[in-house]
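Participant: return a 3D structure for these sequence lines:
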Amino acid sequence: MKLATLRTTDGTRAVRLDGEVLVDLGAPDLGALLAQEDWAAKAAAVTAANATTYPVEGADFAPVVPNPSKIVCVGLNYRNHIQEMGRDLPEHPTLFAKFADSLIGANDDIVRPAETEKFDWEVELALVVGAPVRRATGAEAEQAIAGFTVLNDITCRDWQFRTREWLQGKTWDSTTPVGPYLVTPDELPGGVRPSLDVKLIVDGEVMQSDSTGDLLFDPVALVEYVSTMIRLNPGDIIATGTPGGVGHARKPERYLVGGETVVTQIEGIGRLENTVAKEAAA
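Facilitator: The predicted model follows:
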């Protein structure tokens, strides 16, 4: 299934893609749907004949989960990106967090803060949690993955590297597009450990191109690791890291200045298409 959160004139709705229409699943957003027991069976049982539908064309997608209880991000998780940043392969995942206010929809403007001069891109496969888990291992960790989505971990590099902690460069307001769909593992090659082509394009120029098969720590391992420390709730997001090709590692460095169109896409899941809009200083 391909699931999403759609903005409508009456607020947001959880929907399922069914051909050329989006079928209303009876929940206000995807996070609320995932919090229900047997959410997958309930979502599959709804048909276009017995529910409200909306056209796919012109759909206004909200962040796939608008208000996750947590967004955990992984740095340095593609071998080639680790090498381009001049670092050794880590023994454990490098983690940081984002807040829900940083999230935007699949076609919303990325707001470039006036306070940064080094605004960078990062295509990422993100997993969405579908069941509450703590200290999950093996099959429990696998079953906790509701599906996968596309995320662009836009980063203010000058703020990121002010200190050894990265959060201050990673969670700026209205900078992180995520969506448009959550795709369940049964629809993807490799299931909960998918092997998918990822790509990021700026104004028609390919900047990043790789496969999630290059991940050092796979999605199941990340659920196991993160849930050891803190419970994961339905709708929580784990962004699995970015491959090589970020602007900061280029010679010369390249950054988003405003006005660019950024396309972030993952095979079998979907694409984000966002314009970078400058934000006036307060």
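Participant: could you pull up the residues touching F96?
Facilitator: Contact partners of F96, counting by CB atoms under 8 Å, 6 or more residues apart in numbering, are 72-73, 75, 165-167, 170. C-beta coordinates here come from the backbone N, C-alpha and C atoms, glycine included.
Participant: pull the most distant pair out of these.
Facilitator: Based on CB to CB, the longest span within those runs between V72 and E165 and measures 14.7 Å.
Participant: those two: who's more crowded?
Facilitator: Using other CB atoms under 10 Å as the criterion, V72 and E165 rank with V72 on top: 25 against 10.
Participant: beta partners for the more buried one?
Facilitator: Going by DSSP bridges, V72 is paired in beta bridges with A97, I238.
Participant: now the helix-or-strand element of the chain with minimal mean pLDDT, how far from the centre of its chain.
Facilitator: Among the helices and strands of the chain, helix 79-84 carries the lowest confidence by mean pLDDT, DSSP states H and E, at a mean of 76. How far helix 79-84 lies from its chain's middle: 20 Å, per CA atoms, centre = their mean, to the nearest Å.
Participant: ok, now how distant is L125 from P90?
Facilitator: 18 Å (CB to CB, to the nearest Å).
Participant: neighbour count winner among these two?
Facilitator: Taking other CB under 10 Å, L125 and P90 do not tie; L125 has more neighbours (24 against 14).
Participant: wait, a strand at that one?
Facilitator: Yes - using DSSP: H, G, I helix; E, B strand; the rest coil, the assignment for L125 is a strand.
Participant: now a ChimeraX select for only the buried ones of the contacts of F96.
Facilitator: Only the buried entries of these go into this ChimeraX selection, using 16 or more other CB atoms under 10 Å:
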select :72,73,75,166,170
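Participant: residue contacts, R79?
Facilitator: So R79 contacts 89, 214, 216 (CB under 8 Å, 6+ apart).
Participant: if you set the cut-off to 10 Å instead, what comes out?
Facilitator: For R79, the contacting residues are 89, 210, 214-216, 243-244, by CB atoms under 10 Å, 6 or more residues apart in numbering.
Participant: tabulate these in CSV, adding columns for secondary structure, pLDDT and neighbour count.
Facilitator: Output for these, formatted as CSV (DSSP: H, G, I helix; E, B strand; the rest coil; pLDDT from 0 to 100; neighbours: other CB atoms under 10 Å):
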residue, secondary structure, pLDDT, neighbour count
L89, coil, 82, 9
D210, strand, 96, 21
D214, helix, 88, 16
L215, strand, 93, 22
L216, coil, 93, 17
P243, coil, 94, 26
G244, coil, 92, 19
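Participant: T212: what's it in contact with?
Facilitator: 77-78, 124-125, 148, 188, 190, 193-198, 218-219, 240-241, 243, 266-267.
Participant: for it, give me phi and psi.
Facilitator: phi -70, psi -10 (degrees, to the nearest 10).
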